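Colleague: what's the 3D shape of this:
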Amino acid sequence: MINVLFVCLGNICRSPMAEAVFRDKVKKSGLENEIHVDSAGVGHWHVGSIPHEGTRELLDRKNISYQGMKARQITEKDWDQFDYLIVMDENNLHDVKVIREEEDVVIEKLMEFVPDVQTIDVPDPYFTGNFDHVFQLVDQGCEHLLEKIIKDHQLKEEL
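Modeller: Predicted coordinates:
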């Protein structure tokens with residue numbers, strides 16, 4: 001099982017959006033028994049909360065499930081349980097690396113997986129209010145991340 005954890009500041013906007021989008025793409029690819037997806041925040045402020053209203057509304061419009069998702073804070077144990085820690089911006093990357101660095105865990109910004117990307121950080125819609133723009137970035141990043149995981153772990157045979 002390949003384990004992917006999306007990480008943002010509070011785990012109510014970007015990382016649950018990425019978790020839901022990635023989970024949807026994994027399911028549509030028929031890989032839900034191969035890839036496990038979760039999300040967490042570096043901060044503790046929203047632990048136990050459901051995703052932000054803006055994230056829920058956007059995911060509802062896109063018909064992507066976020067059922068059962070509740071915010072949690074990242075812990076050191078996540079390095080032992082996840083193969084990929086995918087962060088949303090430079091601040092998240094710094095905060096995650098301060099907690100623990102591990103050579104066996106891929107720690108990258110989501111947009112690093114997108115070739116010729118214009119924006120390297122996914123802006124926080126909690127502050128910008130622009131959930132649609134964030135969705136576009138998250139969707140693009142998740143698509144390329146899934147392609148890389150499929151290729152690197154040889155999860156599907158070439159067509």
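Colleague: Could you use CA atoms for every contact and neighbour count after this?
Modeller: Fine.
Colleague: gap between the spatially most central residue of the chain and residue 28?
Modeller: Nearest to the mean C-alpha position of the chain, counting by Cα atoms, centre = their mean, stands residue 6 at 3.0 Å. Taking Cα to Cα, to the nearest Å as the measure, residue 6 falls 19 Å from residue 28.
Colleague: cool, residue 122 as well?
Modeller: 24 Å.
Colleague: Go ahead and confirm residue 108 touches residue 86.
Modeller: Yes - between residue 108 and residue 86 there is a contact under Cα atoms under 8 Å: 5.2 Å.
Colleague: higher neighbour count, those two?
Modeller: More neighbours surround residue 86 than the other of residue 108 and residue 86, with 26 against 18 (other Cα atoms under 10 Å).
Colleague: Bridged to that one, which residues?
Modeller: residue 6, residue 108 (DSSP bridges).
Colleague: Show the pLDDT at it.
Modeller: At residue 86, the pLDDT value in this model is 98.
Colleague: Quick check: the residue nearest to the centre of the chain touching residue 20?
Modeller: No - judged on Cα under 8 Å, residue 6 makes no contact with residue 20 at a distance of 10.1 Å.
Colleague: Pull out the buried positions in the longest helix belonging to the chain.
Modeller: Determined from DSSP state H, the single longest helix within the chain is helix 131-152. Going by neighbour count (16 or more other Cα atoms under 10 Å), the buried part of helix 131-152 is 131, 134-135, 137-146, 150.
Colleague: likewise stretch 42-49?
Modeller: In stretch 42-49, counting by 16+ other Cα under 10 Å, buried: 42-43, 46-47.
Colleague: contacting residues around the spatially closest residue to residue 34 that is not a sequence neighbour?
Modeller: Nearest-residue entry for residue 34: residue 1, 5.0 Å, with adjacent residues in sequence omitted and distances by Cα to Cα, 6 or more residues apart in numbering. Residues near residue 1 by Cα atoms under 8 Å, 6 or more residues apart in numbering: 33-36.
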